[in-house]
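*Asks:* pasting the sequence and the predicted model now:
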Amino acid sequence: MDFFLEVLTGGLLAGVMYSLVAIGFVLIYKASGVFNFAQGAMVLFAALTFVSLVERGVPFWGAFALTLAAMVALALLIERAVLRPLVNRSPITLFMATLGLSYVIEGAAQALWGAQVHGLDLGIADEPLELGGMLLSQFDLFAAGTAALLVALLSFLFNRTRLGLSLRAVADDALGALAVGIRLPRIWAVVWAVAGFVGLVAGLLWGARLGVQFSLSLVVLKALPVLIIGGFTSMTGAIVGGLIVGAGEKLAEVYLGPLVGGGIENWFPYALALLFLLVRPAGLFGERAIERV
Amino acid sequence: MFYTEAGQFSGHYRADRRLFRLRQDRYALYALLLFAFAVVPAIGSDYWLNAILIPFLVLSLAGLGLNLLTGYAGQLSLGSAAFMAVGAFATYNLALRVPGLPLLVGIALGGVFAAAASVLFGLPSLRIKGFYLLVSTLAAQFFVQWLFTKVSWFSNDSASGVITAPPLRIAGHDLSNPAGRYLLTLGFVVALTLLARNVVKSELGRNWMAVRDMDTAAAVIGIPLARTKLLAFALSGFILGVAGALWAFTYLGTVEPHGFDLSRSFQVLFIIIIGGLGSIAGNFLGAAFIVLLPIGLSLLSGLLPPGVIDAGQLENLQKIVFGLLIIGFLIKEPEGLARLWQQLRERARVWPLRY
Amino acid sequence: MTEISSPLLRLEGISLSFKGVKAISDISFDVARGRITALIGPNGAGKSSLLNVINGVYRPQAGRIVFDGEVRRRMDPHRAAVRGIARTFQNIALFKGMSVLDNVLTGRNLKRRSSWLEQALRIGRAPAEDDAQRRRAEEVIAFLHLQPWRHTLVSKLPYGLQKRVELARALAAEPKLLLLDEPMAGMNAEEKREMSRFVADVNREFGTTVVLIEHDIGVVMNLSDHVVVLDYGRKIGDGPPDEVRRNPEVIAAYLGTRH
């Protein structure tokens, strides 16, 4: 039983890391209706930029600020060069554009900073910590704390500021928001920039865990089942979905993996997400629109 | 002028349904087929056949398979490579375990297995829509790859799941030389393209497009949504499966499950975006583009002094160019190269006038 | 009920709500065979929702539907189509990536007997059937004067013509009951006259029973044999046009008086 609890808690904490990627995704989907496949590439770009700056002798917070500036610039560029020309096009077209975008960002990040693996040390020891009789990863606890802080920050931004009000208006009804004088392009740029910031945080944590390398871009594939389970439009959903996927994955790895030869972590979250979908076709927290005809 | 349509009327509905309504188009097609079947194998160098024409044909076929599902029936899929893998591994195992099975039957049955897998992973489409469906096709992508890697029975216990081509013989003729492999591929591609073209012009094709354009209205006029969607998955899976078998055995010769990874699925998707969603000819244009672009880029970089662009940078550059092209096409020409080709043809039809 | 024959459609106590919000409450009425029935009422009265209940797009929480002698708790869209209910939509629901001819042909999908494989290989029953379907589709296209546009993509047509193509697609199914959701919305007077004539012709020549939603009271009074008035999901009037016109509750609803 203790072992079970330990696996479960470890899984839940690991799941938070998935949520981090999913949150950036939810932000963009809510505000611009874009299913942003490039979120993973943004994580890679941010982490690679940050680590390369640090390796060139830039201090931590300086590198953080510079990377953030780069992410904002990227967001502005995306808004201008991709989103604006594609306004009013079908969601599938926009999704495919973000596929192209992910190729561009990945290619550019590696062309700029090289393809080798960089180590990233955030100064948190990845040593197990004994807590209430369970061995927990110190790093995972730190990641969970960071995620909680980030969510608190984002919900403050969304619920307590004028910008947040505009964001919610746009998410609710883009045309209506336009009619009351909210400037959509600016909102999009802001949201993509915030998503870039979330990507940076995710990139640092994931980079510290896995090393900064191309495979960071693939965390988007981990975030997808998380989103499906949580629903595309809910921040809470992204968190809960991450916890479910994290826990489910770990438990399956430990209890199911040995029976089938292991290595199931690539597809298991998807199978889990499919099961959820069969019961709730728009995810746990997603809203199912009433079809008006 | 030479493209004149004067005097060409369809006297009967049947004539209106022909492959090409205009005589010139039909003759051009016959000439192209004659050239492809008779002239190319005779004059094509091994490099052209092996490195350009065969992969071009197979990728066109894979594009065709995905285009039926995504371009016509409107079901987004990121799992094309999984069904290609099923086709390849099924064909391999059939050839291995069923003695005396003719090669053509083996490849076709490989397609049938892929169709079955495709229907299985298409089942969720009856309940979930749009982006949520991605989860099902991605599940197929990862599960199939895992299955063929983990369960060594599928690769007859070979190291890391590598499978090798069965003997390429049809009725005693050895087809393992480049020209033979080219002809085998071409035969499948032509036959399946004609079939697919007929399907999209038929009731089923119209039903697919109806589901794609507005599924509520499709249901209201009595189109059976479940059957229509599943048939799209089945036919798409069949064609992808055959394409997978050809990719493995007429192009590569040996393949491991990793050869059918997610980036292969993306490649197929890019073919239909660049070529044109909902177009048959577009698959060929898109595939040609995707095969030729890397070759063109490396030729170009060869012109630069050595050392300016290394292999790694060339790959990054390729990614950037592909990504930009995708975005560019979606913005400027969402109907892809097929649309540009059509515009050129319209020009020719009225030439030398402008309208 | 002055009709001697049984009504084609009878709604009994239909109630529908979305997430607790009542859209239709306890509505009953009959649609007589071969007649044109108009559904009128202010925006949000539940007219479109009612059409959606009749052909099974929405599922009512209470009540039953009797169509052509068959009693059902609720319809489903496919079943409705098979039984002979066709419709057009308030916001045009054509298949935008297809030509006029192809759109009309989709309306005939239930009349097919040959399998998809026969059609793909052009063998067996398919070729003769293709000809027959095409001929029927061309008849509908001719009936609605759409010949010049048969090979045009519907998304390239002006709004008024799109409305007509939608009617053509519905007619192609040779329905017993035709549901028209605001067929004349957004049209000018000339276009409205034209569309009214088409609807009347359909009704007269094929004997098709029509239920239509329309806001233009002039059109309704001229075209329909029977009028049902809805307001806030309730039925407030039901009868011949002249009678309904004098109904005080209807007048109140239309003039916006408190009631």
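*Replies:* Good, I have the coordinates. Small disclaimer: the values here were computed from a predicted structure and weren't measured. Numbering: from 1, shown residues only, chains lettered A, B, ... in the order given.

*Asks:* every contact and neighbour count from this point should use C-alpha atoms.
*Replies:* OK.

*Asks:* list the contacts of A:Gln213.
*Replies:* By CA atoms under 8 Å, 6 or more residues apart in numbering or on different chains, A:Gln213 lies in contact with A:Leu44, A:Leu48, A:Ala115, A:Gln116, A:Val117, A:His118, A:Gly207.

*Asks:* mind redoing it with 7 Å?
*Replies:* By CA atoms under 7 Å, 6 or more residues apart in numbering or on different chains, A:Gln213 lies in contact with A:Ala115, A:Gln116, A:Val117, A:His118.

*Asks:* of the residues you listed, closest to C:Thr37?
*Replies:* For the contacts of A:Gln213, the minimum distance to C:Thr37 (CA to CA) is 71.1 Å, reached by A:Ala115.

*Asks:* look at the closest one and give its secondary structure.
*Replies:* Under the three-state scheme (DSSP: H, G, I helix; E, B strand; the rest coil), A:Ala115 adopts coil.

*Asks:* now a PyMOL select for only the buried ones of the contacts of A:Gln213.
*Replies:* In PyMOL, this line selects whichever of the contacts of A:Gln213 come out buried by 16 or more other CA atoms under 10 Å in any protein chain shown:
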select buried, chain A and resi 115+118
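
*Asks:* give me the three-state assignment for the residue nearest in space to the middle of chain C.
*Replies:* With distances taken as CA atoms, centre = their mean, C:Leu179 lies nearest the centre of chain C, 1.3 Å away. C:Leu179 falls in the strand class when you classify it by three-state DSSP.

*Asks:* same check, this time on C:Asn43
*Replies:* Counting by three-state DSSP, the backbone at C:Asn43 sits in coil.

*Asks:* count of neighbours near it?
*Replies:* Neighbour count for C:Asn43, taken as other CA atoms under 10 Å in any protein chain shown: 12.

*Asks:* quick one: the nearest residue to the residue nearest to the centre of chain C once chain neighbours are set aside from C:Gly46, how far?
*Replies:* Setting aside the residues directly before and after it, C:Leu179 is nearest to C:Arg87 in space (CA to CA, 6 or more residues apart in numbering or on different chains), at 4.3 Å. Distance, C:Arg87 to C:Gly46, by CA to CA, to the nearest Å: 17 Å.

*Asks:* between those two, which one's more packed in?
*Replies:* Higher neighbour count among C:Arg87 and C:Gly46: C:Arg87, with 27 against 24, using other CA under 10 Å.

*Asks:* isn't the more buried one up against C:Glu182?
*Replies:* No. Using CA atoms under 7 Å, C:Arg87 is not in contact with C:Glu182, being 10.8 Å away.

*Asks:* isn't there a strand covering C:Ser28?
*Replies:* Yes. Judged by three-state DSSP, C:Ser28 forms part of a strand.

*Asks:* hmm, back to that, close enough to count as contact, the residue nearest to the centre of chain C and C:Ala86?
*Replies:* Yes. Using CA under 7 Å, C:Leu179 is in contact with C:Ala86, at 6.1 Å.

*Asks:* distance of the residue in the stretch 101-250 of chain C positioned nearest to chain A from A:Asn88?
*Replies:* The minimum distance from the stretch 101-250 of chain C to chain A, using CA to the nearest CA, falls at C:Asp181 (9.5 Å). Distance, C:Asp181 to A:Asn88, by CA to CA: 26 Å.

*Asks:* ok, the two, which is more surrounded?
*Replies:* Neighbour totals were compared for C:Asp181 and A:Asn88, and C:Asp181 leads with 23 against 10 (other CA under 10 Å).

*Asks:* before we move on, the earlier item: looks to me like the residue nearest to C:Leu179 is in a strand.
*Replies:* Yes. Counting by three-state DSSP, C:Arg87 is located in a strand.

*Asks:* got a pLDDT number for it?
*Replies:* With respect to pLDDT, C:Arg87 has a value of 94.

*Asks:* equivalent analysis for B:Ala338, please.
*Replies:* B:Ala338 is assigned 89 on the pLDDT scale.

*Asks:* mind listing the strands for the chain?
*Replies:* I went with chain A, as the question did not name one. Ranges of strands in chain A, per DSSP state E, are A:128-131, A:134-137.

*Asks:* please go with chain B instead
*Replies:* Using DSSP E, the strands found in chain B span residues B:163-164, B:169-170, B:173-174, B:254-255.

*Asks:* mean pLDDT, distance to chain C and mean neighbour count added to these, as TSV?
*Replies:* Listed next are those as TSV, based on pLDDT from 0 to 100; distance: least, CA to the nearest CA, whole Å; neighbours: other CA atoms under 10 Å in any protein chain shown:
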stretch	mean pLDDT	distance to chain C	mean neighbour count
strand B:163-164	92	33	20
strand B:169-170	89	24	14
strand B:173-174	88	28	10
strand B:254-255	92	33	18
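
*Asks:* if anything else comes up later, I'll come back, but that's it for now.
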